[in-house]
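A.B. asks: Sharing a model that was predicted from the sequence below.
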Amino acid sequence: MATSPPVPTYPPSPGDGALRHPHWWQHSWVRYGALSTLLALSGLVILALVRRQTGTEGFLVGLGLAVLPVPWLIAAFRWLDRVEPGPWRNLVFSFAWGACAAALIAIVANSFATRWIATATADPASADTLGATVIAPIVEESAKAAAVLLVFLFRRRDFTGIVDGVVIAGITATGFAFTENILYLGTAFGTDQLSGGRGIASVTAATFFVRIVMSPFAHPLFTVLTGIGFGIAALSAERQHARRFLLPVGGLLLAMSMHAFWNGSATFGEYGFFTVYAAFMVPAFGLLTWLAIWTRQRELRIVRAELPAYVLAGWLGPAEPFALGSMRARRMARDYARHHHGRPAAREVARYEGYATSLAFLRQRGRKGKAGADFVVRERELLDELWRRRAVARPALEYASRTAEPVRPAHAGPGPTPHRPAYGYPTTPYAQYAQYAQYAQYNPYRS
């Protein structure tokens, strides 16, 4: 029978005794500073461009209206990301990139390309149509995809699957749509100021209805396809180079195609926009929403399936896989910790839940031969984080596993006994070993 192991020790790596001085550009504060400066400069430039085009009053009106859907969209993506919450810095970067850098790239590149086409063809109307249906989708989706690519490359530990790709892409597109809506709504308000439009018949009201009420999800919907491509690539083995390259490219091409189809709907006749919206956009939105929720439930199933191996080794309590595989039980564990020990304890339980989820995903990749060369080191790091927080998290999760026990139907027979517990985890040492022995061959910490 396994016993509770000590805190894992880290094997010394070659050259630990030698002092190594990294180059100045290798310091994290240099990279963060350069990225923050880039985004800040992009924000100032895009602010000046939008304000010059809309005027101060139009800018303020556009800002007030464009911000309305942002909290709802971010809350939806955060809800989707609750199984393995990504760090806030990734979400802040994604939103800032979409609102500042991607928007600036799109405005400059779209304007330049449209003017060049209009000059080359001497047909400004056709140039505007071509710019909206071809140039804009390519430029905008590529600019937004750059944020997903950067997180995928430089925050690889935080990018482990489809949900991460959907969240990063969706937050980036939300930021981009926010800036674009300021421009469109501010311009519409300026048009109404010149023409005297008021109320429902105004251009501002029509623009608000189309962009904020009917289709606030449009840009996130396009870019999420790119995120799904990166997410599937993240699930692939490192040796599958072609798959890891082609899947993100395929997702980006799908995003561009959907974006072009949406932008071109206005050229399909009087009711082309509404036809495309009803027959294409709404079903696509429903399908991707179902896929995201199904993936979220699949992640919970992975947690319940992979964590029992660590119960056998003594790292986790017998009931923890059940509690960590249920969003209701997780919430109850945090509430329990907050009630008995305060908010810091609740935050520690939340971190415990996140690390345990990351551990389950890492173990699944290792079992399928898709983990990287740092599998053992990463596993020990996660176990170390869990071990530090076990005193606070374990009682809370045990309480949640008992309280969140599913109600047994009347025909299910007698209630739980010492050899048949209520929530599916044996209570006797022999029964524990029998249930979890199938995982023993994957457990490097078994004593």
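C.D. replies: Structure received.
A.B. asks: residue farthest from the centroid of the chain?
C.D. replies: Ala122 (44.1 Å; CA atoms, centre = their mean).
A.B. asks: how near is that residue to Thr160?
C.D. replies: Going from Ala122 to Thr160 by CB to CB, to the nearest Å gives 52 Å. Where C-beta positions appear, they are placed from N, C-alpha and C, glycine not excepted.
A.B. asks: now swap in Glu398 and tell me
C.D. replies: For Glu398, the distance to Thr160 - CB to CB - is 27 Å.
A.B. asks: same thing with Ala260?
C.D. replies: With CB to CB as the criterion, Ala260 and Thr160 are 31 Å apart.
A.B. asks: so what's Pro137 closest to, chain neighbours aside?
C.D. replies: Nearest non-adjacent residue to Pro137, counting by CB to CB, 6 or more residues apart in numbering: His259, 3.7 Å away.
A.B. asks: I'd guessed the one you found sits against Ala136; true?
C.D. replies: Yes. In terms of CB atoms under 8 Å, His259 counts as a neighbour of Ala136; the distance is 7.5 Å.
A.B. asks: For the two, indicate the residue with more neighbours.
C.D. replies: Using other CB atoms under 10 Å, the more surrounded residue of His259 and Ala136 is His259, with 23 against 20.
A.B. asks: and the more buried one, what is it in contact with?
C.D. replies: Going by CB atoms under 8 Å, 6 or more residues apart in numbering, His259 touches Ala136, Pro137, Glu140, Glu141, Phe222.
A.B. asks: Following element in sequence after the helix or strand it falls within, please.
C.D. replies: Per DSSP states H and E, His259 falls inside helix 241-263. Per DSSP H and E, the first helix or strand lying C-terminal to helix 241-263 is helix 272-276.
A.B. asks: ok, back up a step: comparing Glu398 and Thr160, which residue is more hemmed in?
C.D. replies: Between Glu398 and Thr160, counting by other CB under 10 Å, Thr160 is the more crowded of the two (21 against 17).
A.B. asks: Share the number of residues neighbouring the closest residue to Leu80 other than its chain neighbours, please.
C.D. replies: Nearest non-adjacent residue to Leu80, counting by CB to CB, 6+ apart: Ala292, 5.5 Å away. Ala292 has 22 neighbouring residues, counting by other CB under 10 Å.
A.B. asks: for the one 4 residues further on, same thing?
C.D. replies: Each residue near Arg296 was counted by other CB under 10 Å, and the total is 19.
A.B. asks: And it, how close does it get to Trp79?
C.D. replies: 9 Å.
A.B. asks: same check, this time on Ala279
C.D. replies: 28 Å.
A.B. asks: okay if I get the contacts of His259 as TSV plus pLDDT?
C.D. replies: Output for the contacts of His259, formatted as TSV (pLDDT from 0 to 100):
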residue	pLDDT
Ala136	92
Pro137	94
Glu140	95
Glu141	96
Phe222	95
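A.B. asks: Now intersect those with the helices, please.
C.D. replies: Judged by DSSP state H, helices contain the following of those: Ala136, Pro137, Glu140, Glu141, Phe222.
A.B. asks: where exactly do the helices run in the stretch 301-447 of the chain?
C.D. replies: In the stretch 301-447 of the chain, the helices defined using DSSP state H, counting those that start in this stretch lie at 308-313, 320-324, 327-341, 343-367, 375-403, 429-436.
A.B. asks: For the shortest one, enumerate the helices and strands it packs against.
C.D. replies: Where contact means 3 or more CB pairs under 8 Å, 6 or more residues apart in numbering; DSSP states H and E, helix 320-324 is packed against helix 282-306, helix 308-313, helix 327-341, helix 343-367, helix 375-403.
A.B. asks: Of all the ones you listed, which one is nearest Ser111?
C.D. replies: Distance to Ser111, taken as CB to CB, is lowest for helix 282-306 among the helices and strands packed on helix 320-324, at 29.0 Å.
A.B. asks: Show me the contact partners of the closest one.
C.D. replies: 80, 82-84, 161-163, 166, 217, 221, 224-225, 228, 258, 321-322, 324-327, 356-357, 359-361, 363-364, 367.
A.B. asks: what helix or strand is the residue nearest the centre of the chain on?
C.D. replies: In the chain, the centroid-proximal residue (CA atoms, centre = their mean) is Val167; its distance is 2.1 Å. For Val167, the element it lies in under DSSP H and E is helix 162-195.
A.B. asks: if I read this right, Trp262 contacts His219, doesn't it?
C.D. replies: No. Using CB under 8 Å, Trp262 makes no contact with His219, being 9.6 Å away.
A.B. asks: okay, these two: which has more neighbours?
C.D. replies: His219 (29 against 22).
A.B. asks: how far out from the middle of the chain is stretch 391-405?
C.D. replies: 27 Å (CA atoms, centre = their mean, to the nearest Å).
A.B. asks: Pull out the buried positions in that stretch.
C.D. replies: Buried residues in stretch 391-405, defined by neighbour count with 16 or more other CB atoms under 10 Å: 392-402, 404-405.
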